[in-house]
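Trainee: Generate a structure from the sequence data that follows.
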Amino acid sequence: MNKMLAIITATSAAAFTLNAQAVTKWDLPSAYPASNLHTKNLEQFVKDVKEYSGGELDITLHANASLYKAPEIKRAVQGNQAQIGEILLTNFANDDPIYALDGLPFLATGYDAAWKLYQAQKGLLDKKLGQQGMKLLYTVAWPPQGIFSNKEINSVDDLKGVKWRAYSPVTARIAELVGAQPVTIQQAELAQAMATGVVQAFMTSGSTGWDTKAYEYIKRFYDTQAWLPKNALIMNKKAYDALDDKSKEALNKAGDEAEKRGWKDSQEKTKWYLEQLSKNGMEIIKPSDALMQGLDKVGDTMLTEWLEKAGPEGKQVIDTYRADK
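Mentor: Presented below is the predicted three-dimensional model:
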């Protein structure tokens, strides 16, 4: 009897160990706080992956740059220090022109245009990531970008000399073209930078303005709707390839749902963010014709520069985007 009990116990222990070993654990770093629309979308994504995989793939979300800062996440995924991560594409404009594309001012200014641009660039984006050992799962657009400033801005000339927050090479180039002083500040440090006067103006979405409580420091938002940058969820390709079919299917299904949900939420919340900023004392301003004309010229210059860097591949993406537009 004792022998039989021992056999049953040993068999149960072996089964428990085997089951424990079957669980694959991944880390997912993100640069944004728990309140952010992208983070909330990721929270649902990781729950869905766990459910769809039957608990075989367990992803831990590390929000608010708690594991890696925004510029570090892509390299962490590439090196498999994190198996999956969320990046802002324009942060990596210096790596390859494809990452800069959706940060070009006034190329794609609404959600329909931003989605069409994404479809045009998606193949090349996944190809470039693949060359670095990564794989694209999905993207979600941020709300349209506007200018936060205490200073009254009637034209781009009013931005000369202003300490301008740059969170990517694209936003740094905008600063150069309008004569502002670019200061590199990621979102996690933005509130402190505003409070200490390190930055005086910046272009970002109403979402970031709300998350960082910009209304406590900045009193004007110029609703330029300049562009809709995208966050992308990327994976280490070897880590993905090592998964069983069930876990891969869970990732792809949860990713498809997160992309649809994220784009929908971003669009629906755009108006809400601006309403909340206004309720907290920020003036929401329609930009003057002179300001928009100046920003349009900046956009034209940056698109010309981008096409020169991107070459035939880049031209094909733009031609595809503009077809039947």
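
Trainee: For the residue nearest the centre of the chain, give its distance to His38.
Mentor: Within the chain, one residue has its C-alpha closest to the average C-alpha position: by Cα atoms, centre = their mean, that is Asn231, at 2.1 Å. Per Cβ to Cβ, to the nearest Å, Asn231 is found 5 Å from His38. From N, CA and C alone the C-beta is placed, and that goes for glycine too.

Trainee: Lys286 and Gln225 touch, don't they?
Mentor: No: look at Lys286 against Gln225 with Cβ atoms under 8 Å: they stay out of range, at 10.3 Å.

Trainee: and the two? which has more neighbours close in?
Mentor: A count of neighbours by other Cβ atoms under 10 Å puts Gln225 above the other of Lys286 and Gln225, at 18 against 9.

Trainee: Contacts only, for that one.
Mentor: Neighbour list for Gln225: Thr109, Gly110, Pro144, Gln145, Gly146 [criterion: Cβ atoms under 8 Å, 6 or more residues apart in numbering].

Trainee: Please apply the same query to Tyr99.
Mentor: Going by Cβ under 8 Å, 6+ apart, Tyr99 touches Leu89, Thr90, Asn91, Phe92, Ala93, Leu125, Lys128.

Trainee: give me the element the residue nearest to the centre of the chain is part of.
Mentor: Applying DSSP states H and E as the criterion places Asn231 in strand 230-236.

Trainee: Give me every residue in contact with that strand, excluding its own residues.
Mentor: 38, 42, 45, 74, 77-78, 80, 82-89, 102, 114, 118, 125, 129, 133-142, 251, 255, 258.

Trainee: Quick check on those: which are buried?
Mentor: By neighbour count, with 16 or more other Cβ atoms under 10 Å, those hold 38, 42, 45, 74, 77-78, 82-89, 102, 114, 118, 125, 129, 134-142, 251, 255, 258 as buried.

Trainee: quick revisit: so of the contacts of strand 230-236, which ones are in helices?
Mentor: 38, 42, 45, 74, 77-78, 114, 118, 125, 129, 251, 255, 258 (DSSP state H).

Trainee: If you drop the residues flanking it in sequence, what lies closest to Ala93?
Mentor: Leaving aside its chain neighbours, Ala93 sits nearest to Ala100 (3.5 Å; criterion: Cβ to Cβ, 6 or more residues apart in numbering).

Trainee: and the one you found, how many residues sit next to it?
Mentor: Neighbour tally, Ala100, other Cβ under 10 Å: 26.

Trainee: Wait, a helix at it?
Mentor: Yes: using DSSP: H, G, I helix; E, B strand; the rest coil, the assignment for Ala100 is a helix.

Trainee: which residues touch Trp164?
Mentor: Trp164 touches Thr171, Ile174, Ala175, Val178, Ala180, Gln181, Pro182, Val183, Val199, Gln200, Ala201, Phe202, counting by Cβ under 8 Å, 6+ apart.

Trainee: The fifth one and Asp157 touch, don't they?
Mentor: The reference is to Ala180. No: in this structure, Ala180 is not within contact of Asp157 by Cβ under 8 Å, at 10.9 Å.

Trainee: Look at the two and report which has more neighbours.
Mentor: Higher neighbour count among Ala180 and Asp157: Ala180, with 24 against 12, using other Cβ under 10 Å.

Trainee: Can you pull the phi and psi angles for that one?
Mentor: The phi/psi pair for Ala180 (degrees, to the nearest 10) reads phi -80, psi 170.

Trainee: go on, the one 5 residues further on?
Mentor: Backbone torsions of Ile185, given as degrees, to the nearest 10, read phi -140, psi 120.

Trainee: and if you look at the one 4 residues further on?
Mentor: Dihedral angles of Glu189 (phi, psi; degrees, to the nearest 10) stand at phi -110, psi 0.

Trainee: do the same with Gly197
Mentor: The phi/psi pair for Gly197 (degrees, to the nearest 10) reads phi 80, psi 10.

Trainee: Just give the closest residue to it, not the sequence neighbours.
Mentor: Distances taken as Cβ to Cβ, 6+ apart place Lys163 nearest to Gly197, at 7.7 Å, with adjacent residues excluded.

Trainee: Hmm, that neighbour is touching Val199, no?
Mentor: Yes: under the criterion of Cβ under 8 Å, Lys163 makes contact with Val199 at 5.2 Å.

Trainee: Tell me which of the two has more neighbours.
Mentor: Set side by side, Lys163 and Val199 show more neighbours around Val199, with 25 against 17, by other Cβ under 10 Å.

Trainee: do you know how far the more buried one is from Leu107?
Mentor: 25 Å.

Trainee: And for Glu259?
Mentor: 21 Å.

Trainee: More neighbours: which of these two?
Mentor: Neighbour count, other Cβ under 10 Å: between Glu259 and Leu107, Leu107 has more, with 22 against 18.

Trainee: give me every residue that touches that one.
Mentor: Contacts of Leu107 by Cβ under 8 Å, 6+ apart are Leu101, Leu117, Trp227, Gly299, Leu303.

Trainee: Lovely, talk soon.
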